[in-house]
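Engineer: Just to be clear, the model below is a prediction. Sequence and coordinates:
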Protein chains: 2
Amino acid sequence: MTLKTLGAKKAAELDQELMSEDGGFSIDQLMELAGLSVAQAVYKVHPPPTNSQSKPKILIAAGPGNNGGDGLVAARHLHHFGYTPVVYYPKPTNQPIFTGLQKQLHKLSIPFLTTPESFTSELQSADLVVDALFGFSFKPPVRAPFDSVLADIIQAKKPVLAVDIPSSWDVEGGPPGEGLVGHEFMPEFLISLTAAKPSVRWFKGERHFIGGRFLSKAIADKYGLDVPDYRGVDQIAEVEVGVKVEKL
Amino acid sequence: MTLKTLGAKKAAELDQELMSEDGGFSIDQLMELAGLSVAQAVYKVHPPPTNSQSKPKILIAAGPGNNGGDGLVAARHLHHFGYTPVVYYPKPTNQPIFTGLQKQLHKLSIPFLTTPESFTSELQSADLVVDALFGFSFKPPVRAPFDSVLADIIQAKKPVLAVDIPSSWDVEGGPPGEGLVGHEFMPEFLISLTAAKPSVRWFKGERHFIGGRFLSKAIADKYGLDVPDYRGVDQIAEVEVGVKVEKL
């Protein structure tokens, strides 16, 4: 079995096709399903204890783009799933979907950290970190303030679920070179959105999921992808770590 | 235990509050989660056979408003869950979300029935019917062409999942009087969206679900509702049929 992956250009094309006049999707719909799949992956790797008042603390580090938006949606679902999400969103984006998602989280009394110090401090008590800083359109290097956010995450040695791509990794080339922030970054868990990206060949974590259950057979065929083997009503499908990777 | 229900005015207020400047939700987000919960309810009452190429046929009768939109979203998810959805949407609404949802379904090659005759005929081979004709804002009587759509559904004696309220029922008063279409309508299954409505006291079907997992404790408290007992990552919670109903 080989894992078929989408490069940055093709991944952007696919997103554009879904949201075209012809495709009919809105960003709200796609981000909702992507964020829901992120929350389901958290549930899979770290379910909340049953019959307990203890709610695992999930720290969501959200970047300025759509990857960050997926993280904000995930934070809402995690709240409803019985977690204590805490959000760090140092560069909020002033577009309706992002401001709307923030308001939803405020209404749920989900805390937003406001300083780098509070983020560093909250990391110590987090049960899991969601790395929703950058996705497939990331271009190196990691700029401030995200360089220190990422350095903090790496140093804290907490379990991390990376959204789409481990932040700082190049979509094709994988981890950055020695001496650069992210060179040593290896999250335990990865959730690829819509399809895995070529850099997954460098992923040596424990578990890898694919999410975003809206890919049709027709579009998958057009891009040479396989529709992931989703089960039941799951919004995520698990794929083996370390299989041969094919770039399309 | 009593089941707390929302009248039409309060239900509309709650929706408005979620979608207000302050609440931050878009209709796309709420309808996506509502429609997903409808699809999950179908899965719960009629799961597709495992390891089989046979895909149950689900006939979705969609009305002109948001209830119909929930049905269109459900059709997309049902396709991905392994069903053969077939849609009857005789009065399509020309607003971006509704035209977008239709395009998404066309891209999945989900058939849209175009005549009353084809609907009557497809009913015979359907495994289950989703009644997404009217929701809590319905005002009687049932007008053409939905009167004959509903009469057909009742006559076909197929299992029906009603979305929010059995169509033709008054949100407060329940089934219409003798001689009116819908008087004898008793769907096997009901999924209430966000909260049950007072007419649920007339529901004598087999199973009742609540869906729309976005209700916060704060808003539930404000409206005197209980947050349903959702489990795991489920988007639906089952409630007992025949419990005492309290109107708020």
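Structural biologist: It's in.
Engineer: how about the residues of chain A near chain B?
Structural biologist: Taking CB under 8 Å from any CB of the partner chain as the test, the list of chain A residues beside chain B reads A:22-26, A:28-29, A:32-33, A:39-40, A:43, A:47, A:76-77, A:80-81, A:96-97, A:99-104, A:106-109, A:213-214, A:216, A:218-219, A:230, A:232-233. Heads up, the C-betas are built off the backbone N, CA and C, glycines and all.
Engineer: Residues in a beta bridge with the residue nearest the centre of chain A, which ones?
Structural biologist: Centre of chain A computed as the mean C-alpha position; nearest residue by CA atoms, centre = their mean is A:Val163, 1.6 Å away. Taking DSSP bridges as the rule, A:Val163 bridges to A:Ile191.
Engineer: hey, which helix or strand in chain A has the poorest pLDDT?
Structural biologist: The least trusted helix or strand in chain A, going by mean pLDDT, DSSP states H and E, turns out to be strand A:244-247, with a mean of 84.
Engineer: measure the closest residue to A:Gln124 other than its chain neighbours to A:Leu150 for me?
Structural biologist: Leaving aside its chain neighbours, A:Gln124 sits nearest to A:Ala156 (6.9 Å; criterion: CB to CB, 6 or more residues apart in numbering or on different chains). Relative to A:Leu150, A:Ala156 is positioned 11 Å away (CB to CB, to the nearest Å).
Engineer: next one: A:Pro90
Structural biologist: Distance of A:Pro90 to A:Leu150, given as CB to CB: 12 Å.
Engineer: just A:Leu72 next, same as before
Structural biologist: Distance, A:Leu72 to A:Leu150, using CB to CB: 18 Å.
Engineer: Of these two, which one has the most company?
Structural biologist: Neighbour comparison, A:Leu72 and A:Leu150: the larger count goes to A:Leu72, with 26 against 22 (by other CB atoms under 10 Å in any protein chain shown).
Engineer: name the element the residue of chain A most remote from its centre belongs to?
Structural biologist: When distances are taken from the C-alpha mean of chain A, A:Asn51 lies farthest, 28.3 Å away, according to CA atoms, centre = their mean. Taking DSSP states H and E as the criterion, no element holds A:Asn51; it sits outside all helices and strands.
Engineer: What is whichever helix in chain A runs longest packed up against?
Structural biologist: Taking DSSP state H as the assignment, the helix of chain A that covers the most residues is helix A:27-45. Applying 3 or more CB pairs under 8 Å, 6 or more residues apart in numbering or on different chains; DSSP states H and E, one finds that helix A:27-45 contacts helix A:66-81, helix A:96-107, strand A:128-132, strand A:160-163, strand A:189-193, strand A:207-211, strand A:236-239, helix B:27-45.
Engineer: That helix: what's the following helix or strand?
Structural biologist: That would be, after helix A:27-45 and using DSSP H and E, strand A:57-62.
Engineer: Give me the sheet partners of that following strand and which way each runs.
Structural biologist: On the basis of DSSP bridges, the sheet neighbours of strand A:57-62 come out as strand A:84-88 (parallel), strand A:128-132 (parallel).
Engineer: Point out the most buried one among those strands.
Structural biologist: Among these, ranked by average contacts under mean count of other CB atoms under 10 Å in any protein chain shown, first place goes to strand A:128-132 (a mean of 27).
Engineer: And that strand, how far out from the chain middle?
Structural biologist: For strand A:128-132, the gap between its own C-alpha mean and the chain's C-alpha mean amounts to 7 Å (CA atoms, centre = their mean, to the nearest Å).
Engineer: Show residues contacting it.
Structural biologist: For strand A:128-132, the surrounding residues in contact (CB atoms under 8 Å, 6 or more residues apart in numbering or on different chains) are A:38, A:42, A:45-46, A:56, A:58-63, A:67-68, A:70-72, A:74, A:123, A:150, A:153, A:156, A:158-163, A:166-167, A:187.
Engineer: again, 7 Å this time
Structural biologist: Counting by CB atoms under 7 Å, 6 or more residues apart in numbering or on different chains, the neighbours of strand A:128-132 from elsewhere in the structure are A:38, A:42, A:46, A:56, A:58-63, A:67-68, A:70-71, A:74, A:153, A:158-163, A:166-167, A:187.
Engineer: Poorly predicted segments of chain A, please.
Structural biologist: In the predicted model of chain A, residues A:52, A:248 satisfy pLDDT under 70.
Engineer: picking up where we left off before, the longest helix of chain A vs helix B:96-107, what angle?
Structural biologist: With axes from the mean of the first three to the mean of the last three CA atoms, to 10 degrees as the basis, helix A:27-45 and helix B:96-107 are set at 70 degrees to each other.
Engineer: Next, the angle helix A:66-81 makes with helix A:27-45.
Structural biologist: Angle of helix A:27-45 versus helix A:66-81, following the same axes, to 10 degrees, is 60 degrees.
Engineer: now could you export just the CA positions of helix A:27-45 as CSV?
Structural biologist: As requested, C-alpha coordinates have been extracted for helix A:27-45 and formatted as CSV (Å, rounded to 0.1, in the frame of the first residue of the first chain):
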residue,chain,number,x,y,z
ILE,A,27,-15.2,28.1,3.8
ASP,A,28,-17.5,27.9,6.8
GLN,A,29,-18.6,24.4,5.9
LEU,A,30,-15.2,23.1,5.0
MET,A,31,-13.5,24.6,8.1
GLU,A,32,-16.3,23.2,10.3
LEU,A,33,-15.7,19.7,9.1
ALA,A,34,-12.0,20.0,9.2
GLY,A,35,-12.1,21.4,12.8
LEU,A,36,-14.5,18.7,13.8
SER,A,37,-12.1,16.0,12.5
VAL,A,38,-9.3,17.6,14.5
ALA,A,39,-11.4,17.4,17.7
GLN,A,40,-12.2,13.7,16.9
ALA,A,41,-8.6,12.9,16.5
VAL,A,42,-7.9,14.4,19.9
TYR,A,43,-10.7,12.2,21.3
LYS,A,44,-9.1,9.2,19.7
VAL,A,45,-5.6,9.7,21.1
